[in-house]
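Student: Structure for this input, please:
(one chain, ligands or ions: 1)
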Amino acid sequence: MTAKFIRALRNDWKYINDWRGFANSSDGEGVVITYNFMTKVPDEPRVDPLPEINTSFSRYSTVEQTVVRAALKIWSAYANVKFVKVDTQDAGIMFGQHRMYDPVEGFAGTLLFDPAKQAMRPTDVWLKSKGFTDGFLTTHRGLEVALHEIGHALGLKHPFAGKARLTGDDRDSSIMSQDYSGPYNKPGIYDIAALQSIYGPAHKRMGANTYKIGSDKLIWDGGGIDTVSAASAKAKTYIDMNDGSWSWVGKKAKSLLDDGQSWTGHFTQIEKAIGSRYDDKIVGNELDNIIQGGKGNDTITGGGGADRLFGGAGKDTFVLKSYADMGTLEHHDEIMDLQPGDKIDLRALHTAFRGSGESDAILTPGTGGQFYFNSVSQELRFDADGNGVIDAAVAVHANTINQAILIIF
Ligand SMILES: [Zn+2]
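Tutor: Model prediction:
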């Protein structure tokens, strides 16, 4: 379920013929969009024009073009959307200008994607001119309106209309609202998160980055081996390493704007997590994660991939949710530091423990699942279907494993 603050900004309305209200064919796919400035009133406008189109059309001055270019660059800095200037008058986005009367300062159509033709339908963006060179657009408000209207072209909607909405401070933190309270030259975190849910993040932040749970409100990243850390958190944390997920220090709040809240953007890949000194819950994603619980009694769920799990000090619990989550037989999860007081939670597997032994011969073929601890390879070895042959394994660095360590129902 996509978060409400993202649904409140996405134009997911279905058009005729199942067209998408976005420029790409599916979520996460980056796009290249051409643009240009109108040199005359268009013969076939892509959005319903206002009457002023014929009486007060004006061309963009060089300075005004620079403002539009700046707005395009700002959106490109966050999402995988590239803009290329072309010389034709039928570009993906054509920018026009004419006089407008309060409260109208601009309006825009939306780039649509036609799945049948596998093609993008172009659109127009109209911005207010004062009817003379270097007018409205060169003010701070001009750039803010340009960002807002380009947001519409890319598929963002007003958060105060439609089924899912933002309210209060959440609404005012969006550049797509009427009462935007943020800086004129930067979209809000919900705007960025929504745009990234459509096009994926920009190919930036490509190195090894560390993001702080609770203080980085919007965690997004274009690539590299990255870490989310709660090492300096002042309370227990919930860390979800999956993309499009909410993490927090202390308690989950109603709004991401509240203290201690973090959102990991859609299509952002995080490889490592570090817990706080308190009792954390950490959930891994489908990648090969390295998760360190640190101090405290932590609960760690590796999720898919071959994860390396460190409980650290305290009584930690390692949760194995499914055989698939363990990885493959050859390349599987590894519990790196099982210590007295730690537990392994196998309740989801409905499996029976056959004790410790040196080979698979300890297994007794029968009905249902079974497993044992191989003391030579230091692995829990699972026979999911009960036919006496191993199907899955998890390495556990421990001398022995007994019933006291396992939670099985
Ligand atoms: Zn609008």
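
Student: Break down the stretch 101-250 of the chain into its helices, ranges please.
Tutor: Assigned by DSSP state H, counting those that start in this stretch, the stretch 101-250 of the chain shows helices spanning 140-154, 168-172, 189-199.

Student: Pipe those helices into a markdown table and attach mean neighbour count and mean pLDDT per row.
Tutor: Every residue, glycine included, has its C-beta placed from N, CA and C. Formatted as a markdown table, those follow (neighbours: other CB atoms under 10 Å; pLDDT from 0 to 100):
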| stretch | mean neighbour count | mean pLDDT |
| --- | --- | --- |
| helix 140-154 | 22 | 97 |
| helix 168-172 | 16 | 97 |
| helix 189-199 | 27 | 98 |
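
Student: Output those as JSON lines; include the columns distance to residue 90.
Tutor: Converted to JSON lines, those look like this (distance: least, CB to CB, whole Å):
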{"stretch": "helix 140-154", "distance to residue 90": "15"}
{"stretch": "helix 168-172", "distance to residue 90": "36"}
{"stretch": "helix 189-199", "distance to residue 90": "22"}
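
Student: Out of those helices, flag the one nearest residue 161.
Tutor: Nearest to residue 161, of all those, is helix 168-172, at 10.8 Å by CB to CB.

Student: Give me the contact list for the closest one.
Tutor: Outside helix 168-172, the residues that touch it by CB atoms under 8 Å, 6 or more residues apart in numbering are 5, 159, 160, 165, 177, 179, 180, 181, 190, 255, 256, 257.

Student: and the first one, what element?
Tutor: If I follow you right, that is residue 5. Element membership for residue 5 (DSSP states H and E) is helix 4-7.

Student: about what we covered before: residue 376 is nearest to which of the helices of the stretch 101-250 of the chain?
Tutor: So among those, helix 189-199 is nearest, using CB to CB, at 47.2 Å.

Student: CA atoms only: put the closest one into PDB for me.
Tutor: Extracted C-alpha coordinates of helix 189-199, given in PDB (Å, rounded to 0.1, in the frame of the first residue of the first chain):
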ATOM      1  CA  ILE A 189       9.800  16.100   0.800                       C
ATOM      2  CA  TYR A 190       6.400  14.800  -0.200                       C
ATOM      3  CA  ASP A 191       6.700  16.200  -3.700                       C
ATOM      4  CA  ILE A 192      10.100  14.600  -4.100                       C
ATOM      5  CA  ALA A 193       8.900  11.300  -2.700                       C
ATOM      6  CA  ALA A 194       5.900  11.200  -5.000                       C
ATOM      7  CA  LEU A 195       8.000  12.100  -8.100                       C
ATOM      8  CA  GLN A 196      10.500   9.400  -7.200                       C
ATOM      9  CA  SER A 197       7.700   6.900  -6.800                       C
ATOM     10  CA  ILE A 198       6.900   7.600 -10.500                       C
ATOM     11  CA  TYR A 199      10.300   7.900 -12.100                       C
END
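
Student: Report the inter-axis angle for that helix versus helix 140-154.
Tutor: Relative orientation of helix 189-199 versus helix 140-154 (axes from the mean of the first three to the mean of the last three CA atoms, to 10 degrees): 30 degrees.

Student: What helices and strands are in contact with helix 189-199?
Tutor: Helices and strands touching helix 189-199, as assessed by 3 or more CB pairs under 8 Å, 6 or more residues apart in numbering; DSSP states H and E, comprise helix 4-7, helix 140-154, strand 218-219.

Student: quick one on the thing from earlier: other SSEs contacting the helix holding residue 5?
Tutor: With contacts defined as 3+ CB pairs under 8 Å, 6+ apart, helix 4-7 has these neighbours: helix 189-199.

Student: Please compute how far the helix it packs on lies from its chain's middle.
Tutor: 8 Å (CA atoms, centre = their mean, to the nearest Å).

Student: Check stretch 331-341 too.
Tutor: Worked out by CA atoms, centre = their mean, stretch 331-341 lies 29 Å from the chain centre.

Student: before we move on, back to that, hmm, which of the contacts of helix 168-172 are the buried ones?
Tutor: The neighbour count (16 or more other CB atoms under 10 Å) marks 5, 159, 160, 165, 177, 180, 190, 256, 257 as buried among the contacts of helix 168-172.

Student: ok now do the third one, which residues does it touch?
Tutor: So the one you mean is residue 160. Residues near residue 160 by CB under 8 Å, 6+ apart: 166, 171, 177, 178.

Student: repeat for the second one
Tutor: Neighbouring residues of residue 159 by CB under 8 Å, 6+ apart: 8, 9, 165, 166, 170, 171, 174, 176, 177, 190.

Student: how about 6 Å then?
Tutor: Shown in contact with residue 159 (CB atoms under 6 Å, 6 or more residues apart in numbering): 8, 9, 165, 166, 171, 174, 176, 177.

Student: same deal with the first one?
Tutor: Contacts here follow CB under 6 Å, 6+ apart; on that basis residue 5 touches residue 190.

Student: Now do residue 104 against residue 67, distance only.
Tutor: Separation of residue 104 from residue 67 (CB to CB, to the nearest Å): 18 Å.

Student: For the two, indicate the residue with more neighbours.
Tutor: Taking other CB atoms under 10 Å, residue 104 and residue 67 do not tie; residue 67 has more neighbours (21 against 12).
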